[in-house]
Each structure stands twice: as structure tokens, then as C-alpha cells.
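> quick one: sequence plus predicted model below, questions after.
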Amino acid sequence: MLYLFTLSLALSVAAYSNDVVEPQSKQFGIYKGTKERAVKPNFVVFFADDFGYGDLHSYGHPVQEKGAIDMMAENGIRFTQWYSAESICTPSRMAMMTGRMPTRMGMGHTVFSPFADTALPPEDPTIAELLKKSGYYTGMVGKWHLGINKNNNTDGLYLPAHRGFDYVGHILPF
């Protein structure tokens, strides 16, 4: 079962797959069942504005009570370093979604206005679009801030459902 959690003003991306794949290396394969086959890992990415390293119990906060994110950290792989490509929302989310530096997409230190007709460049595939090609089901909830409308004020052509996400929960477009 897939669980999606969101943080205030955060972008949460989740992907899961029931596909079984052959591991490239038995040393690094994740085995379930037979030793010849590995299951693709499910994962959740939390991307939050103004969220500090020590704000969660699992990352060292001395008095913060444990929550759902802490339980996920205890039962999965927990990463301890992240370098954001930019210090503001639109370009940092753009980099996380595409793996490209925002300046290479013409998005240096720029934030999309809610009424602008600009968006994440369609020629740059998102992580969701690439994961779908590998058999994953993808979902996102939270702050998008990567464009809303293309042709008029209501078409929503730049929203996550059009950028590879199968499930779109409650979002804050900007």
C-alpha cells in the first residue's frame, strides 16, 4: 500500500512499483523471495521550504515527538545530506524534478508568478515522467510552484498531472 504524507509548504513525491527486476549486482541487489530476482524499491521524497536538519526526532531534535516521517526513517534508508540548487522555491523544485541546474534552464533566481504563463520547460523530463517509463506509479502532494496555466487562466496544463504524476493529492500551485 502506498502512503503519502505532506509537510506544510512541502512537495512530497512518492513512487512505487510491484515489478521484479534482475539485479545488476548480487552484492547490491535487494532480494525478496529467490536470490535471482530483486524488487524495485519504493520511495518517498520530502522537499520542504525552511525545514531544518534537526527539526525531526529521527534527525536529532532532542524533544520533538516521533511522527510518521520518523517511523518511515527508522524503517527505510535515511539520507543525511542534500544540496539544493537554489535558495528559493521555483528553481530549487525545478532542479529536484529534473536533475538539472536551474540556470541551464534559464531559471536562475526566478520565482513563477501565479498568473504567469511560464512553467517547467516541457523538453526537460521530470523524475515522475522517467519513473513511469520504468514501471512506477507516481504521486505528489504539497507545493508545486512550477507553473499553472498555459493558454488561459483555467487550463491547468502545467500542473503535475500533466508532468507524469499518476496521483495528485492536495496541492498548493504556488
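That came in fine, so what should we check first?

> end-to-end on stretch 70-80?
With CA to CA, to the nearest Å as the measure, the first residue of stretch 70-80 is 13 Å from its last.

> flag every buried residue along that stretch.
Within stretch 70-80, the residues that count as buried by 16 or more other CB atoms under 10 Å are 70, 72-73. For glycine as for every other residue, the C-beta is placed from the backbone atoms N, C-alpha and C.

> pipe those into TSV and attach distance to residue 134 and pLDDT per row.
Listed next are the buried residues of stretch 70-80 as TSV, based on distance: CB to CB, whole Å; pLDDT from 0 to 100:
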residue	distance to residue 134	pLDDT
70	29	88
72	22	86
73	25	85
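
> so which of those sit within strands?
Filtering the buried residues of stretch 70-80 for membership in strands, criterion DSSP state E, returns an empty set.

> now stretch 56-66: mean pLDDT?
Average pLDDT, stretch 56-66: 89.

> list the buried residues of it.
56-57.

> and the contacts of that stretch?
53-55, 67, 69-70, 73-74, 78, 80 (CB atoms under 8 Å, 6 or more residues apart in numbering).

> repeat the analysis, applying 6 Å as the threshold.
53-54, 69-70, 73 (CB atoms under 6 Å, 6 or more residues apart in numbering).

> all strands of this protein, in order?
With strands called from DSSP E, the chain shows them at 10-16, 20-21, 38-39, 43-48, 137-143, 167-172.

> pull out the buried positions in the fourth one.
Just to be clear, that refers to strand 43-48. Of the residues in strand 43-48, those scored as buried under the neighbour-count criterion (16+ other CB under 10 Å) are 44, 46-48.

> helices of the chain, residue ranges please.
Listed from the start of the chain, the chain has helices (DSSP state H) covering 68-75, 89-98, 127-133.

> and the second one, how far from the chain's centre?
Read it as helix 89-98. 10 Å (CA atoms, centre = their mean, to the nearest Å).

> now the angle between strand 137-143 and that helix, please.
With axes from the mean of the first three to the mean of the last three CA atoms, to 10 degrees defining the directions, helix 89-98 sits at 170 degrees from strand 137-143.

> please give me every residue in contact with the spatially closest residue to residue 138 that is not a sequence neighbour.
Across the structure, with CB to CB, 6 or more residues apart in numbering as the measure, the residue nearest residue 138 apart from its sequence neighbours is residue 128 (4.2 Å). Neighbour list for residue 128: 138, 164-165 [criterion: CB under 6 Å, 6+ apart].

> export the residues you listed to CSV and tack on pLDDT, neighbour count and distance to residue 155?
Output for those, formatted as CSV (pLDDT from 0 to 100; neighbours: other CB atoms under 10 Å; distance: CB to CB, whole Å):
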residue, pLDDT, neighbour count, distance to residue 155
138, 93, 24, 22
164, 94, 19, 18
165, 95, 26, 17
